[in-house]
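> what follows is a protein structure lacking sequence information:
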């Protein structure tokens, strides 16, 4: 699967790298959908013997391949929301030196990174690799509602119905990009809808 090359942008926008196995006694790998490919690319028997994998398939079928790696623990969740309590528990019970790897969509990586930061892991110590959908998790700056999987610009806020401009400004605290009303000064004057990276 070809990887998407994100265009350069403002400083707050996340930059994703490529996962690399690091030395450590414990490893937590969280992925969704095609993010499993990043785990498969770095897996070794020694690494997997110390790894807890949390995987959300999102309609893909990588689960058997990940289980075949024989990780120390494997959990498959139906959604991020259903998996977040497990992620929180693993992070709360972790010892110093836990290596955290995140792979897949921006929504998953941002939310999981936020949970890791809550327990004191700096975002600079967390590895990320983007795979799959380029849809964004957006917060409306007006009503504060979150709309998942935004692929177009402008889009309609799923909470308050405002027409929002998809900004590159990213909040690590919220794990979301910010959307601002695009027709506030001239109601109804809305540009043609396009893909967010067109």
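Arrived safely. A quick note: this is a predicted structure, and the numbers were derived from the prediction, not measured.

> going forward, measure contacts between C-alpha atoms and count neighbours the same way
Will do.

> in the helix or strand hosting residue 47, what's buried?
According to DSSP states H and E, residue 47 maps onto helix 45-48. By 16 or more other C-alpha atoms under 10 Å, the buried positions in helix 45-48 come out as 47-48.

> please point out which parts of the helix or strand harbouring residue 82 sit buried.
With elements taken from DSSP H and E, the one containing residue 82 is helix 80-93. Burial within helix 80-93, assessed by neighbour count using 16+ other C-alpha under 10 Å, is assigned to 80, 83-84, 87-88, 91.

> C-terminal to that helix, what's the next element?
By DSSP H and E, the next helix or strand past helix 80-93 is strand 99-104.

> and that following strand, which residues are buried?
Neighbour counts using 16+ other C-alpha under 10 Å place 99-104 of strand 99-104 among the buried residues.

> identify the farthest-apart pair in those.
With C-alpha to C-alpha as the measure, no two of the buried residues of strand 99-104 lie farther apart than 99 and 104, at 17.1 Å.

> just give the nearest non-adjacent residue to residue 67, would you?
residue 74 (6.9 Å; C-alpha to C-alpha, 6 or more residues apart in numbering).

> for the buried residues of strand 99-104, which one is nearest residue 3?
Closest to residue 3, out of all of the buried residues of strand 99-104 and judged by C-alpha to C-alpha, is residue 104, at 10.7 Å.

> that closest one and residue 31, how far apart?
Here residue 104 is placed at a distance of 5 Å from residue 31 (C-alpha to C-alpha, to the nearest Å).
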